[in-house]
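Peer 1: When you get a sec, could you give me coordinates for this:
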Amino acid sequence: MRNYQSDTKLTDAVQTGIGKIGGIPVAIGVMDSQFVAGSMGSVVGEKITRLVEYVTLKSLPLILVCASGGARMQEGSLSLMQMAKISSALLSYRLKNCLFISILTSPTTGGVTASFGMLGDVILAEPNSLIAFAGKRVIEETLKLEVPEGSQEAEVLFEAGLLDKIIPREDLEKILYVLLKLHREEKENSTNNQENQIK
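Peer 2: Okay, the predicted model is just below:
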């Protein structure tokens, strides 16, 4: 891993933090496919889980930008455990009526697609992104079936109802702000209604 850390200047395949979009506080995690193909190992799983636990405590919206080749094979079953760990943390988060936006970039595959990548309240994707559980070559070699060209692109998944919207990167900030603003207004209305019922 030290070679990747030296080459990319990253500690691992995801960076997390707290910031604002249009003045609205938000937590964000961004995966980087330059670091071991954005694979999800123990460090990635722990960082994302801690971020989810933090936003659950603070009731903040969460954005995860996915770019991954899947679970990190070098870590064996430990990498696969991250799927369940993150998904479990997201369940607790959802019970707080908070907003989770998943953004799928190219590629988003394997264990990331099979877990938190597809668990967003809103699932966005960039145009022409490769989004799949198993890649074309793996499917063809394993099942001896031909996978049609382009069948794992975002546009096909959108037509099948697996994505909410395909957004070019230059429009992403504007769309995210609209979604965050709508969610904030909905939470405020819900809080006001509860207070009125108590009165």
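Peer 1: State the next helix or strand along the chain beyond the helix-or-strand element of the chain with minimal mean pLDDT.
Peer 2: Scoring the helices and strands of the chain by mean pLDDT, DSSP states H and E places helix 2-8 at the bottom, with a mean of 82. Using DSSP states H and E, the helix or strand that follows helix 2-8 towards the C-terminus is strand 14-21.
Peer 1: Let me know the average pLDDT across whichever helix or strand Leu172 is part of.
Peer 2: Per DSSP H and E: Leu172 is located in helix 172-198. Averaging pLDDT along helix 172-198 yields 86.
Peer 1: tell me which residues of the least confident helix or strand of the chain are tucked away?
Peer 2: Neighbour counts over helix 2-8 (16 or more other Cβ atoms under 10 Å) mark Tyr4 as buried. The way it works is simple: take the backbone N, C-alpha and C, and place the C-beta from them, glycine included.
Peer 1: Now do the strands in this protein.
Peer 2: In the chain, the strands defined using DSSP state E lie at 14-21, 24-31, 62-68, 100-108, 122-125, 165-166.
Peer 1: so which of these is the most packed in?
Peer 2: Each of the strands of the chain was scored by mean neighbour count; the highest is strand 62-68, a mean of 25, by mean count of other Cβ atoms under 10 Å.
Peer 1: Parallel or antiparallel, list what pairs with that one.
Peer 2: Applying DSSP bridges, strand 62-68 is found paired with strand 24-31 (parallel), strand 100-108 (parallel).
Peer 1: can you list the residues that contact it?
Peer 2: Strand 62-68 has contacts (Cβ atoms under 8 Å, 6 or more residues apart in numbering) with 13, 26-33, 37-40, 48, 51-52, 55, 93, 98-113, 116-117, 120, 176.
Peer 1: Run the chain-centre distance for it.
Peer 2: Chain-centre distance of strand 62-68: 3 Å, with Cα atoms, centre = their mean, to the nearest Å.
Peer 1: same check, this time on stretch 166-180
Peer 2: 15 Å.
Peer 1: Please apply the same query to stretch 111-126.
Peer 2: With Cα atoms, centre = their mean, you get 5 Å for stretch 111-126.
Peer 1: How about stretch 178-188?
Peer 2: 20 Å.
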